[in-house]
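In: the sequence and its predicted three-dimensional model are supplied below.
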Amino acid sequence: MVDGKHLSATEALASVTKALDVLVLAHDRGEVGVTETARELGISRSTAHRILVTLQRTGFLRHDPGQHGYSAGPQLVRMGLAAIAQLDVRRQARRPLEELSEKLQETVCLYSLDAAVVRLLDGVECRHVLRVSVPLGQELPAHVTAAGKALLALRDPADVRATLPAALPATAAGSITEWPLLEVELEEVRVRGWAADLEESAHDLHGVGVAIRNRIGEPLAAISVYAPAVRLREQDMPAVATALQETAATIARAE
């Protein structure tokens, strides 16, 4: 809503586009002011000022006392650093993922945690006719995946409660949808160092996941092995987890 009026879809899209243009300009120039923004983007000073103030309030830009213009804010810096970290860990992980997939003859995936979901950054498919596909960029609720639970287990329980939805969504019949059960599961993951997915993300699919930590113990991402339940049995998971942990350590050493 602007000036008491609802925006149409076209107007809303135009506003978002202008805001993105301002962020690009601030990135390119290092610091931008109202007059410069209005001139470069061909908008009025009042519109430029409104966009800059909005981006400041949301943390994408900052305007410190005594500072002439607006520069990159903490939200923009955080997103940029996260993107760089994901690119780095993906590059570091590629060869170890290929080697692990060859060793286990199963699909191996690399995931990042983004609030309540995990995002597939990379993956190596096995050669079996019946295999798990790896659609890059795919997002799933973190609590239903092995990689997601491995990463959630490293976070403070109160933070997990605050981040995940109160009503936990299900993607398969085995999905955990009750908070007490999830909290018990995450505590088990903390103790043993790896997480399992027993038909929780998809029917007839099993997975094992472990977190990758940097040199000071902070989580970077997680890797997981996924296979049809008939090939990845529950009793096989500890041995698979050991192989995953060795690969995670290899990736971490390259960080």
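Out: Received the coordinates, thanks. Computed from a prediction, not measured in an experiment: that's the story for all the values here.

In: check Arg90 and give its pLDDT.
Out: For Arg90, the pLDDT comes out at 84.

In: state the helix or strand in which it lies.
Out: In this structure, Arg90 sits in helix 74-104 according to DSSP states H and E.

In: following element in sequence after that helix, please.
Out: strand 107-114.

In: now do that next one, average pLDDT.
Out: 93.

In: next, count neighbours for the closest residue to Ala19 other than its chain neighbours.
Out: Closest residue to Ala19 apart from its sequence neighbours, by C-beta to C-beta, 6 or more residues apart in numbering: Ile51 at 5.5 Å. Glycine gets a C-beta too; all of them are placed from N, C-alpha and C. Counted with other C-beta atoms under 10 Å, the neighbours of Ile51 add up to 24.

In: so Ile51 sits against Lys18, correct?
Out: Yes. Contact criterion C-beta atoms under 8 Å: Ile51 and Lys18 qualify, at 5.9 Å.

In: show me the contacts for Glu183.
Out: Taking C-beta atoms under 8 Å, 6 or more residues apart in numbering, we find Glu183 in contact with Pro157.

In: quickly find the element holding it.
Out: Using DSSP H and E, Glu183 falls within helix 179-192.

In: next one: Leu151
Out: Using DSSP H and E, Leu151 sits within helix 146-152.

In: just Thr250 next, same as before
Out: Using DSSP H and E, Thr250 falls in helix 237-253.

In: just how off-centre is that helix within its chain?
Out: 20 Å (C-alpha atoms, centre = their mean, to the nearest Å).

In: next one: stretch 211-227
Out: Distance, centroid of stretch 211-227 to centroid of chain: 12 Å (C-alpha atoms, centre = their mean).

In: just to be sure, Leu136 is in a helix?
Out: No. Using DSSP: H, G, I helix; E, B strand; the rest coil, the secondary structure at Leu136 is coil, not a helix.

In: before we move on, back to that, so which bits of the helix holding Glu183 are buried?
Out: Using 16 or more other C-beta atoms under 10 Å as the burial criterion, the residues of helix 179-192 that qualify are 182, 185-186, 189.

In: so Val118: helix, strand or coil?
Out: The three-state assignment at Val118 reads strand, by three-state DSSP.

In: that one touches Tyr111, doesn't it?
Out: Yes. Between Val118 and Tyr111 there is a contact under C-beta under 8 Å: 4.3 Å.

In: name the residues contacting each of the two.
Out: The contact lists of Val118 and Tyr111 share 145, 147-148, 151, 222, where a contact means C-beta under 8 Å, 6+ apart.

In: hey, what's the closest residue to Glu139 other than its chain neighbours bridged with?
Out: Of all residues not flanking Glu139 in the chain, Val117 sits nearest, at 4.5 Å (C-beta to C-beta, 6+ apart). Following DSSP bridges, Val117 is listed with bridge partners Asp114, Pro141.

In: near Val117, how many other residues are there?
Out: By other C-beta under 10 Å, neighbour count at Val117 equals 18.

In: before we move on, the earlier item: now the helix holding Thr250: mean pLDDT?
Out: For helix 237-253, the mean per-residue pLDDT is 95.

In: any idea how far Cys126 is from the residue nearest to Val124 when sequence neighbours are not counted?
Out: Residue nearest to Val124 in three dimensions, not counting chain neighbours: Ser101, with 4.1 Å by C-beta to C-beta, 6+ apart. From Ser101 across to Cys126, the span is 6 Å (C-beta to C-beta, to the nearest Å).
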